[in-house]
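Undergrad: I'd like to go over a predicted model; first the sequence, then the structure.
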Amino acid sequence: MVRIIDANGCKDSGIFVVLGNSLPIELISFSGVGMNHYNLLEWTTSSEINNDYFTIEKSLSGTQFENIGIVDGAGNSTLLKQYQFKDMLPGKELSYYRLKQTDFNGSYSYSNIIAIQPNKKSGIGYTYNGSDQQLMVFCYECSNENYNIDIIDAMGRSIHQSIFSGNNTIINADQFAKGYYFIRISGNENIFTSKIFIY
């Protein structure tokens, strides 16, 4: 089994690193979003060496993962490669995903874990990357006007306020404690609310 470390020696970075002389994968992004009937996973590599395939693994608990699909790798490449996978059985609650990258010789390594909230009638979805501590919030019914976003903890205290336009925004969640929070997005005419979980 191959450990995952970054340049500072920290585990669970967003970059695949094999200890040794070769760097089979440089994964520059791994994200996902809940769509109407499926969860869409997307990832991008900047280089690949002897990369056979990716296995997409899913968990409902965040600890025990199962294989839900395989996507062929590029083998050897120094160009940007973009990949997608659709989970057609996303479930009704939070789903966790990770990538298992396997070389031609059978060696493998894992990506960071991301969490995706399915698209619900609230109009809000989110992806949380625990390794990077980034929260991406999607507003499916938002337009290009400015919206206020508030994140409220279980005690009713506002712990984050910001303004964004479009249908998504990224929030640095490194100060958020583990637990459930409420998101409130308000515009000129619409208000959307949803519950999220930070792990």
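TA: Yep, that arrived. Bear in mind that the values here come from a model prediction, so they are computed numbers and not experimental data.
Undergrad: Pull up the gap between Lys86 and Tyr180, please.
TA: 27 Å (Cβ to Cβ, to the nearest Å). No exception for glycine: its C-beta is placed from N, CA and C like everyone else's.
Undergrad: What of Tyr97?
TA: Taken as Cβ to Cβ, the span from Tyr97 to Tyr180 is 20 Å.
Undergrad: more crowded one of the two?
TA: Tyr97 (24 against 10; other Cβ atoms under 10 Å).
Undergrad: Checking that one next. Helix, strand or coil?
TA: strand (DSSP: H, G, I helix; E, B strand; the rest coil).
Undergrad: Test my guess that it contacts Thr127.
TA: No - at 9.5 Å, Tyr97 does not count as touching Thr127 under the criterion of Cβ atoms under 8 Å.
Undergrad: any common contacting residues for those two?
TA: Residues touching both Tyr97 and Thr127 (Cβ atoms under 8 Å, 6 or more residues apart in numbering) are 32, 114-116.
Undergrad: Okay, now the sheet partners of the top strand by length along the chain, with direction.
TA: Longest strand of the chain, by residue count under DSSP state E: strand 39-59. Take DSSP bridges as the rule and strand 39-59 pairs in its sheet with strand 25-34 (antiparallel), strand 66-77 (antiparallel), strand 81-87 (antiparallel), strand 95-103 (antiparallel).
Undergrad: Give me the buried positions along the longest one.
TA: Of the residues in strand 66-77, those with enough neighbours to count as buried (16 or more other Cβ atoms under 10 Å) are 68, 73-74.
Undergrad: repeat for the shortest one
TA: Residues of strand 81-87 classed as buried under the neighbour-count rule (16+ other Cβ under 10 Å) are 81, 83, 85, 87.
Undergrad: same check, this time on the first one
TA: Counting neighbours by 16+ other Cβ under 10 Å, one finds that the buried residues in strand 25-34 are 25-27, 30-34.
Undergrad: just these: which has the poorest pLDDT?
TA: Across the set of the buried residues of strand 25-34, Gly34 stands lowest in pLDDT, at 82.
Undergrad: domain parsing for the protein?
TA: Taking automatic domain parsing as the domain assignment, the ranges for the chain are 25-114, 121-198.
Undergrad: Which of the ones you listed comes out lowest on mean pLDDT?
TA: Note on these: domain 121-198 shows the lowest mean pLDDT, a mean of 85.
Undergrad: from the chain's centre, how far out does that one sit?
TA: Computed by Cα atoms, centre = their mean, to the nearest Å, the chain-centroid distance of domain 121-198 equals 15 Å.
Undergrad: quick one: buried residues of stretch 51-63?
TA: Under 16+ other Cβ under 10 Å, the buried positions of stretch 51-63 are 51-52, 54-59.
Undergrad: mind checking the SS state of Gly156?
TA: coil.
Undergrad: List the contacts of it.
TA: With Cβ under 8 Å, 6+ apart, Gly156 has no contacts at all.
Undergrad: swap in Glu93?
TA: 60, 117-118.
Undergrad: and of those, the nearest to Leu40?
TA: Nearest to Leu40 out of the contacts of Glu93 is Pro118 (Cβ to Cβ; 11.2 Å).
Undergrad: Alright, calling it a day.
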